[in-house]
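# The following block contains a protein sequence and its predicted model.
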Amino acid sequence: MLTYIKVFLVGGLLCAIGEALILKTKLTPARILVTYITAGVVLSAVGLYAPLVRFASAGATVPLTGFGHALAQGAISGVQENGLLGAFTGGLSATAGGIAAAIFFGFLAAMFFKPQPKD
Amino acid sequence: MDKNQQTDRKAALEHYAELVHRFTPKSHLAQGCLRAFWVGGSICMLGQAIADVGASWLKLTTTSSLMLASVVLVFLTALLTGIGIFDKIAQYAGAGTVVPITGFANAMVSPAMEFKPEGWVLGTGARLFTIAGPVLVFGISSSVVVGVLYYFIRW
Amino acid sequence: MPQNRIGERTILFPHAPGILAAAAVVGPKEGKGPFGQAFDLVIDDPMYGQESYEQAEHAIYREACQRCCQKAGIETRDVQALLGGDLLNQIMAASLAARELEVPFLGLYGACSTMSESLILGAILTDGGYASPVICAAGSHFCTAERQYRFPLEYGGQRSLAAQWTVTGTGACLLSGEAETAMAHITGATIGQVVDMGINDASNMGAAMAPAAANTLLRHFQDTGRTPEDYDKIITGDLGQVGSDLLRELLKESGITLTKEKHLDCGLEIFDPKDDIHAGGSGCGCSASVLASHLLPRIHKGEWQRILFMATGALLSPTTSQQGETIPGVAHAVVIEGGK
């Protein structure tokens, strides 16, 4: 149960910061996505994000910063296993599931659904 | 424009910017953040629940179960986007749905659907990446930089 | 100095070309608004039985033009010119409608000011004896405007409080030089200049357009020696809440009082106030469909003697916006009067 409270608080806080950035700066949601993933890569590389993941689990991995963390850790372990080539293969390998899912389900959704007019 | 005109123009622009600021309704920061907080936090808890199920039933490792959570959340986003509900939740939650992986998934699914009339290849296929493409470009590029740095420095 | 001009920016139409008929075809959301009963056709599916929203937009456009001719008792093939535009890239809705109407076509683009632009040029053609009758039309569609200027329909983004809602609909007027049975007459117009006061927020278009509207109004009053008192209503196209407040404030600073009662913004009137549409309606179809269904009939009935119809346009494209260009606005004023 405690885990879930930590997940809720950390995940919620990352989102609330995002909302404050949208409302108070000129950052559009698309730029927020880019900012968060890049921030995740950087924080992970300097070793700050892994402790957050240990603390809050999905609360840190579900937000897009977690996606950046997975990319960075993938690149680092890629280098450890395969040398310089791993810098190129590691990131995508570690995140392949999420990316492939988004592409595939996006394609499926386009097959079965039509955009709805808004009212 | 001579110098005087330039200063006049600058003053007029500043004055108008003040007027616009005065007449434009302000969004509620506290309300927006609170909504983003509870919806975003709930999405993460759902992710944790999926991961826990993956770990206990499918005997996945921690990393794999968290990856499973991402994949399932992406699937749920695609479904909710397809049936036209996701944007209504997002209108309420703002960053609460943008920041989790749901925002990334919606950014790929919505143009894929939207541009279907332009064909499967140049419509759906190409436009799938219009909003989410930059995320991959910056995310992957920065991870490559991290990997290369790591190769040379090994911290 | 050309003879039919007064002041710096204003033209007069000595023969006061008549508006024989007007028609508006709109979407379901607009149909639920206060003018719902007044529209000639409210479609219940924004796709209008077509394969894409772009096709729907041009079908709506064609339908409005045809209904306008029907109401005037004129065969479409007798129309000597269609002057009109829309918001799509390369004004495709109007162009595709013109393909099917098979009439001479002059495509116009003035963003949401297109209806004023087409009325002015249509009045010049008919008053000068170059063409009669002519159709003046402008249309927009929420679903096509969203994907072109903003995001896919199912994209989950929050709309800002100053954001406006593009009207789905087309308004068309039939202008004629022989105007004995006209519902209203066009007696003058002030062509506006492009004004840019440095607004770069594409979700606050009212603020981008208000200075152009104020500029055109001031020029009009200066040129004609009139004041707001000389009009039953001063009508703006789609300034919305923010833009309307700004317009009145800018006029006040220039010594002109435009009261809330005297001013009518089509964008503020077209939707049901209960709908959460934030700052109001927008799009070429907004002022065009309100003109056709609400404004002209009131002149026809004699409730108003003289109005100033001023559609307002924000001249932006996604490309220039992304390059950081500010948003220029433009507004043209058309004097519309009752029986000669």
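Sure, I can see it.

# helix/strand/coil for C:L82?
Classification of C:L82 using DSSP: H, G, I helix; E, B strand; the rest coil returns strand.

# Got the confidence number for it?
pLDDT for C:L82: 98.

# before we move on, what about the one 5 residues further on?
On pLDDT, C:L87 comes in at 97.

# give me the low-pLDDT residue ranges for chain B?
B:1 (pLDDT under 70).

# What residues of the longest helix along chain A count as buried?
Residue-count comparison of every helix in chain A, with assignments taken from DSSP state H, identifies helix A:84-112 as the longest. For helix A:84-112, burial by neighbour count (16 or more other C-beta atoms under 10 Å in any protein chain shown) applies to A:86-95, A:97-99, A:101-103, A:105-110. For glycine as for every other residue, the C-beta is placed from the backbone atoms N, C-alpha and C.

# which other helices and strands contact that helix?
helix A:64-82, helix B:62-82, helix B:101-114, helix B:133-153 (3 or more C-beta pairs under 8 Å, 6 or more residues apart in numbering or on different chains; DSSP states H and E).

# Report the mean confidence score over the first one.
Looking at helix A:64-82 alone, the average pLDDT works out to 97.

# list the helices and strands it packs on?
Under the contact definition 3+ C-beta pairs under 8 Å, 6+ apart, helix A:64-82 sits against helix A:29-45, helix A:49-56, helix A:58-61, helix A:84-112, helix B:62-82, helix B:101-114, helix B:133-153.

# correct me, but A:F55 touches A:V7?
No - counting by C-beta atoms under 8 Å, A:F55 stays clear of A:V7, with 9.7 Å between them.

# Same drill for those two, tell me which one is more crowded.
Taking A:F55 and A:V7 together and counting by other C-beta atoms under 10 Å in any protein chain shown, A:V7 has the greater number of neighbours (28 against 14).

# related to what we said a few turns ago, now the helices and strands packed on helix A:84-112 in CSV, please, with extra columns for mean neighbour count.
Shown next, in CSV, are those (neighbours: other C-beta atoms under 10 Å in any protein chain shown):
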stretch, mean neighbour count
helix A:64-82, 25
helix B:62-82, 22
helix B:101-114, 30
helix B:133-153, 19
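
# Between these, which one is closest to C:M209.
Across the helices and strands packed on helix A:84-112, the minimum distance to C:M209, taken as C-beta to C-beta, is reached by helix B:101-114, at 27.3 Å.

# how far off helix A:84-112 does the closest one point, in degrees?
Computed with axes from the mean of the first three to the mean of the last three C-alpha atoms, to 10 degrees, the direction of helix B:101-114 lies at 50 degrees from that of helix A:84-112.

# So is helix B:101-114 next to chain A?
Yes - using C-beta under 8 Å from any C-beta of the partner chain as the criterion, contacts between helix B:101-114 and chain A involve B:I101, B:G103, B:F104, B:A105, B:A107, B:M108, B:V109, B:S110, B:A112, B:M113, B:E114.

# For the second one, which residues are in contact?
Applying C-beta atoms under 8 Å, 6 or more residues apart in numbering or on different chains, one finds that B:G103 lies in contact with A:P29, A:I32, A:L33, A:L64, B:A90, B:T97, C:G156.

# need the contact list for A:V62.
With C-beta under 8 Å, 6+ apart as the criterion, the residues that contact A:V62 are A:G11, B:I43, B:C44, B:G47, B:A69, B:S70, B:L73, B:P100, B:I101.

# what separates the first one from chain B, distance-wise?
Counting by C-beta to the nearest C-beta, to the nearest Å, the separation of A:G11 from chain B is 3 Å.

# For that residue, give me the pLDDT.
According to the per-residue confidence, A:G11 scores 97 in pLDDT.

# May I ask which helix or strand encompasses the nearest residue in space to it that is not next to it in sequence?
The shortest distance from A:G11 to any non-neighbouring residue, by C-beta to C-beta, 6 or more residues apart in numbering or on different chains, is to B:C44 (2.8 Å). B:C44 belongs to helix B:29-57 when assigned by DSSP states H and E.

# Buried residues of that helix, list them for me.
Within helix B:29-57, the residues that qualify as buried are B:32-33, B:35-48, B:50-52, B:54-55, counting by 16+ other C-beta under 10 Å.

# low pLDDT regions in the chain?
Picked chain A for this. Of all residues in chain A, those with pLDDT under 70 make up the ranges A:119.

# oops, chain C please
For chain C, the stretches flagged by pLDDT under 70 are C:340.

# Outline the domain layout of it.
As assigned by automatic domain parsing, chain C contains the domains C:5-176, C:184-337.

# Chain B is nearest to which of those domains?
domain C:5-176 (2.6 Å; C-beta to the nearest C-beta).

# Quick check: residues of chain C near chain B?
C:51-52, C:54, C:147, C:151-162, C:197-199, C:204, C:207, C:211, C:241-242, C:245-246, C:249-250, C:279.

# of those residues, list those near chain A.
C:P152, C:L153, C:E154, C:G157, C:Q158.

# now the last one, what's its secondary structure?
Assigned by three-state DSSP, the conformation of C:Q158 is coil.

# Spit out the contact partners of it.
For C:Q158, the residues meeting the contact criterion (C-beta under 8 Å, 6+ apart) are A:I22, A:P29, B:G32, B:A90, B:Q91, B:G94.

# quick one: it from B:D87, how far?
Using C-beta to C-beta, to the nearest Å, C:Q158 is found at 10 Å from B:D87.

# Same question for the first one.
Relative to B:D87, C:P152 is positioned 9 Å away (criterion: C-beta to C-beta).

# Over to the third one?
Going from C:E154 to B:D87 by C-beta to C-beta gives 5 Å.

# Find the residues that touch each one of those two.
Common contacts of C:E154 and B:D87 (C-beta under 8 Å, 6+ apart): B:T81, B:N106, B:S110.

# Touching, the second one and B:K88? I think so.
In other words, B:N106. No - B:N106 is not in contact with B:K88 according to C-beta under 8 Å; the separation is 11.9 Å.

# Could you measure from A:V10 over to A:G66?
10 Å.

# Between these two, which contacts overlap?
If you check A:V10 and A:G66 against C-beta under 8 Å, 6+ apart, the residues they both contact are A:A60.

# give the contact list for the residue lying closest to B:T62 once chain neighbours are set aside.
For B:T62, the nearest residue in space outside its immediate sequence neighbours is B:A55; the separation is 6.8 Å by C-beta to C-beta, 6+ apart. Contact criterion C-beta under 8 Å, 6+ apart gives B:T61, B:T62, B:S65 as the residues in contact with B:A55.

# doesn't C:I11 fall inside a strand?
Yes - the assignment for C:I11 by three-state DSSP puts it in a strand.

# what's around it, how many residues?
The number of residues near C:I11, taken as other C-beta under 10 Å, comes to 19.

# Equivalent analysis for C:A81, please.
For C:A81, the tally of surrounding residues (other C-beta under 10 Å) stands at 21.

# these two touch, right, it and C:P104?
Yes - between C:A81 and C:P104 a contact is recorded at 4.8 Å, counting by C-beta under 8 Å.
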